[in-house]
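[1] Test case, fold it:
(chains A and B)
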Amino acid sequence: MHPKGTAYKSGFQLKSIIPILITFLTCAYFLYTWAINSQSSNILKSSSNNEDLYRPDFNLFKETDQVSYTDLLLDVPATSNGWENNERVLFLVPLRDASEHLPMFFNHMENMTYPHNLIDLAFLVSDSKDDTMGLLNKLLKKIQNSNDPLMPFGEIEIFEKDFGQAVGQGFSDRHGFQAQGPRRKNMAKARNWLTSVSLKPHHSWVYWRDVDVETIPPTIIEDLMSHNKDIIVPNVWRPLPDWLGGQQPYDLNSWQESDGGIQLAETLNEDSVIVEGYPEYATWRPHLAYLRDPYGNPNTEIQLDGIGGVSILAKASVFRKGAHFPAFSFEKHAETEGLGKMSRRMGLEVVGLPHYVIWHIYEPSDDDLRHMEWMRQEEIRQSKAGEIKEIYDRNIEAGFQLIEYPSNLYGVQHPNEVTLNGFLNYKHEIELKLIEKENLFKQRRRYFEEMLDDEESSIKLKAVTTLASLEKFKHKLEHEENIN
Amino acid sequence: MSLAQTKRFLQRFLLRSNPFKLFITFILILFLYYLISGSNSSENNSIIIQNRKKSSYNYKPSLNLDSNDNSNNWKPKNLPADHISHYNLNKLKSTPNALLNNEKVLILSPMANFHQQYWDNLLKLSYPRELIELGFILPRTNDGDIALKLLEIEIKKIQDPKNKNISKFSKITILRQDNESPESQLEKDRHALKTQKERRSQMATARNSLLFSTIGPFTSWILWLDSDIIETPNTLIQDLTAHDKPVIAANCYQRYYDEDEKIEKIRPYDFNNWAESDEGLRLASTMSDDEIIVEGYQEIATYRPLMAHFYDSNGNIFDEMSLDGVGGTCLLVKADVHRDGAMFPNFPFYHLIETEGFAKMCKRLGYEVFGLPNYLVYHYNE
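    So this is what the prediction gives:
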């Protein structure tokens, strides 16, 4: 090969490659930027705008936090995997005479898997007569001073505010139909106070939680968050004693609006509050609680119009937009159900998970309490009947002895004569008691059979289970009678 | 590689390599092992880690966090050692002697434009700045950017920690709206009534975002002061709080130059302060749920008594009148009213929206709403 040629050839290559490369790169760059620009201006007009938005520099005040700037769109996003993106959750807990449940609640807190340093806690202690405050402090201190570096939570705020109680806090006081309206309005105020004083610009999510939850997955926040909805609630059930059927839907405040509900609302005056779960208000609404299938997919979502407050995860933007717990009758609803209604009105997503269940503690209802008291009385009666039977048996022996020795009976007054009279008396008494019991059975059965016809399915369920247990008890008694 | 080859390779490697290097490698491996086992032992003690292992989620923070230094990197600071703070809200009061009782006032201004006169007027207020918190919310627009830059300059002048002579506001929070702002208000002025609902709904959302991000456990009063209010009495806060009303609105007027008479004059500006009329109620009852009534349009004649028309230049400035709708230009609210839940509906609420809907919501919560027809504040004149 010619040496000159090679030199010439290599020179040509060097000279030409550089400009070709440069032109190619510039062309590519222009094409790229043009493509990006046209894309963003067509589809995401605002997001290209977002990049250019001015941000003030307040580093001067970094120490004191006296002046702060927050872009509510870019700085506090709420995404489906917030725990990976440093998103802060405001964890809100309303408390009233709750010391009994606090240890259980803190056990759940310790178990929670969402990064604790990203959770800010806020408690509102109101109208408490027990040592809720003292115990709360003690348990919080313990958790904050834990050896585990993952344990302590972010900012913790405890607020005290009394709203004055219109009604007592016992189950029957709280859940009686008449008490519901005013009670829920007060509860709504308490919730609004808690959100308004604790919500800060850096919060991405708000999680509402009642203390009296017995069983809940440690991943509850992640599980709800991964659905990436404006407002989301799980299904809430409660365990029951075996004699009442083992388990029962608890939270009837999560429902979808029905024609029946709308018609009922139209008949009521402006200040009325519809409360679910009372036969006075038959709304025929599909309740989240009753849609549960124990083997269903826990990720199934259904759209809701009213929600319960046991465990609500919402984007902080929901509360920033003004959605709150109406302490007045908003479209005939108040508190958490009102929040659901209002959020729907604002065009927000309100979703429930029918097959994802958390368990509320068992709080016996009035009927349950009465039934329990009756069962207890029965037990006493049974043991008494047993005692009586013993005496009866002994007297029979004695009686036969008397028959065997009639001379004694008609001769001197036998000491056992008194016992014989006693035996007859006892027998009569027992017979009377059995009749009384029989009547009581009939009465109770009639009562529950009437309940069977009730439209409200929770009542129906209760009636069915109670009747079954009554029947069982009856058999037992009849069996005993046969023995007697 | 055959066994023999491997053996030869290893032999050569061991012979040729520096024993020092081998030693360092060994130490490094030990260190690595220690790291892994060490973190394991602490992991086993933590319930949280154990629970996480059972779940299907990934708990490693995502990598782009560090690069994006402005967004969600907020960390708790200035907290007590155990991060626990107590607030007794039972002691929080809003009284007619606000100044005497050192009650904190939160001044909230949605800001589309920055007017120097607004800021100057704010600085002239005689209520102590230590008791005042400020909150601003700006739209995601060019105007918002310009206003923000001007606001930033002014804030730095006043709040600079090095500048010890000037008293400072106790806290300033600036927010950027998260919702889309209507592109240009001029463009849409043509069919104003039609877009009024949308515009005011956006405005309501902005007000709520500002309110619920800034109201705190010490706030006794909230003063809504529009950023176009350029002139108020210096004692504005003291005057309004003295009435001790849950909600009270000043009368908003505007100064202008009358070309015909060649003199400075004033004219009413804010027509959203009104008392309900029978005609207004009748009108509402005929409307569908999604329709709203707004004042100042001939299409909707409500014949409502408007506070703007009740101004009497000789009247007592402390005269009150009962209202059913309010505007947000200059409005004092007891913080309890907002905490109870009263907000600015961004949807038709009894056919009312934004500040007017707010007044209705206050009434639904059992609070009275008042206005001061003879107490004037002045709006900017474009």
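[2] mind checking which helix or strand of chain B has the lowest mean pLDDT?
    Lowest mean confidence among the helices and strands of chain B (mean pLDDT, DSSP states H and E): helix B:185-188, at a mean of 53.
[3] Check which helices and strands whichever helix or strand comes after that one sits against.
    Using DSSP states H and E, the helix or strand that follows helix B:185-188 towards the C-terminus is helix B:192-214. Applying 3 or more Cβ pairs under 8 Å, 6 or more residues apart in numbering or on different chains; DSSP states H and E, we find helix B:192-214 packed against helix A:177-198, helix A:316-320, strand B:104-110, strand B:132-138, strand B:171-176, helix B:185-188, helix B:354-364. No exception for glycine: its C-beta is placed from N, CA and C like everyone else's.
[4] List the buried residues in helix B:192-214.
    B:196-197, B:199-214 (16 or more other Cβ atoms under 10 Å in any protein chain shown).
[5] what's near enough to touch the residue lying closest to A:T219 once chain neighbours are set aside?
    Distances taken as Cβ to Cβ, 6 or more residues apart in numbering or on different chains place B:S55 nearest to A:T219, at 4.7 Å, with adjacent residues excluded. Shown in contact with B:S55 (Cβ atoms under 8 Å, 6 or more residues apart in numbering or on different chains): A:T113, A:P218, A:T219, A:E222.
[6] Identify the residue spatially nearest to B:Q117, adjacent ones excluded.
    Excluding the flanking residues, the one nearest B:Q117 by Cβ to Cβ, 6+ apart is B:I230, at 3.7 Å.
[7] after the strand or helix carrying the one you found comes which helix or strand?
    Here B:I230, judged by DSSP H and E, is contained in strand B:229-231. Using DSSP H and E, the helix or strand that follows strand B:229-231 in sequence is helix B:236-242.
[8] Let's test this: mean pLDDT of that next one, rounded?
    The predicted model gives helix B:236-242 an average pLDDT of 96.
[9] Now for A:K384, how many residues are close by?
    A:K384: 12 surrounding residues under other Cβ atoms under 10 Å in any protein chain shown.
[10] Okay, now the unreliable bits of chain B?
    B:1, B:14-15, B:17, B:35-44, B:63-73, B:180-194 (pLDDT under 70).
[11] residue ranges of the strands in it, please?
    Along chain B, counting by DSSP state E, strands occupy B:84-88, B:104-110, B:132-138, B:171-176, B:219-225, B:229-231, B:247-258, B:263-268, B:321-322, B:330-334, B:369-379.
[12] Would you mind finding the most buried of these?
    Ranked by mean neighbour count, the strands of chain B are led by strand B:330-334 with a mean of 26 (mean count of other Cβ atoms under 10 Å in any protein chain shown).
[13] quick one: contacts for B:W224?
    B:L108, B:S109, B:R207, B:G328, B:T329, B:C330, B:L331, B:L332, B:V333, B:T355.
[14] which ones are touching the first one?
    Applying Cβ under 8 Å, 6+ apart, one finds that B:L108 lies in contact with B:L134, B:G135, B:F136, B:I137, B:R207, B:L210, B:L211, B:T214, B:I222, B:L223, B:W224, B:L225.
[15] domains of chain A?
    Structural domains assigned to chain A are A:87-363, A:367-483, following automatic domain parsing.
[16] Just the mean pLDDT for the first one, thanks.
    Confidence for domain A:87-363, expressed as mean pLDDT, is 88.
[17] And for the shortest one?
    Here the mean pLDDT over domain A:367-483 is 64, rounded to a whole number.
[18] so A:E84 sits right up against A:M225, yeah?
    No: under the criterion of Cβ atoms under 8 Å, A:E84 makes no contact with A:M225, lying 10.6 Å away.
[19] Of those two, give the one with the bigger neighbour count.
    Per other Cβ under 10 Å, whichever of A:E84 and A:M225 has more neighbours is A:M225, with 26 against 18.
[20] could you check whether stretch A:250-260 is close to chain B?
    No: using Cβ under 8 Å from any Cβ of the partner chain, stretch A:250-260 never reaches chain B; the gap is at least 14.0 Å.
[21] what comes up buried for that stretch?
    By neighbour count on 16+ other Cβ under 10 Å, the buried set for stretch A:250-260 is A:Y250, A:D251, A:L252, A:N253, A:S254, A:W255, A:Q256, A:E257.
[22] In helices, which of these appear?
    Of the buried residues of stretch A:250-260, none are assigned to helices by DSSP state H.
[23] Looking at those, spot the one nearest chain B.
    The nearest member of these to chain B, counting by Cβ to the nearest Cβ, is A:E257 at 14.0 Å.
[24] Could you report the separation of the closest one from A:G340?
    Remark: distance between A:E257 and A:G340 (Cβ to Cβ, to the nearest Å) = 9 Å.
[25] Please enumerate the shared neighbours of the two.
    Joint contacts of A:E257 and A:G340 (Cβ under 8 Å, 6+ apart) are A:D305, A:G306.
[26] contacting residues for A:D127?
    Applying Cβ under 8 Å, 6+ apart to A:D127 gives the contacts A:R96, A:D97, A:D162, A:F163, A:G164, A:Q165.
[27] Helix or strand: which one has it?
    Secondary structure from DSSP H and E places A:D127 outside every helix and strand.
[28] Write out the residues of the stretch 301-450 of chain A neighbouring chain B.
    Counting by Cβ under 8 Å from any Cβ, the residues of the stretch 301-450 of chain A that sit close to chain B are A:317, A:319-322, A:324-329, A:345-347.
[29] Please check the residues you listed and keep the buried ones.
    A:317, A:319-322, A:324-329, A:345-346.
[30] Out of the residues you listed, give me the two with the largest separation.
    Spatially, the most separated pair among those is A:S317 and A:S329, at 25.7 Å (Cβ to Cβ).
[31] Of the contacts of A:D127, which is the nearest to chain B?
    Comparing those against chain B with Cβ to the nearest Cβ places A:D162 closest, at 5.8 Å.
[32] What is the neighbour count of the closest one?
    Residue crowding around A:D162 was assessed by other Cβ under 10 Å; the count is 13.
[33] Assess the claim that it and A:K129 are in contact.
    No: judged on Cβ under 8 Å, A:D162 makes no contact with A:K129 at a distance of 10.8 Å.
[34] Double-check B:I49 against A:P149; I have them as touching.
    No: the criterion here is Cβ under 8 Å, and B:I49 misses it with A:P149 at 10.8 Å.
[35] In terms of packing, which of those two has more residues around it?
    Between B:I49 and A:P149, counting by other Cβ under 10 Å, B:I49 is the more crowded of the two (17 against 11).
[36] Chain neighbours aside, what residue packs nearest to residue 208?
    I went with chain A, as the question did not name one. Leaving aside its sequence neighbours, A:W208 sits nearest to A:I312 (Cβ to Cβ, 6+ apart; 4.2 Å).
[37] Wait, chain B was what I had in mind.
    Spatial nearest neighbour of B:N208, excluding adjacent residues (Cβ to Cβ, 6+ apart): A:G322 at 3.4 Å.
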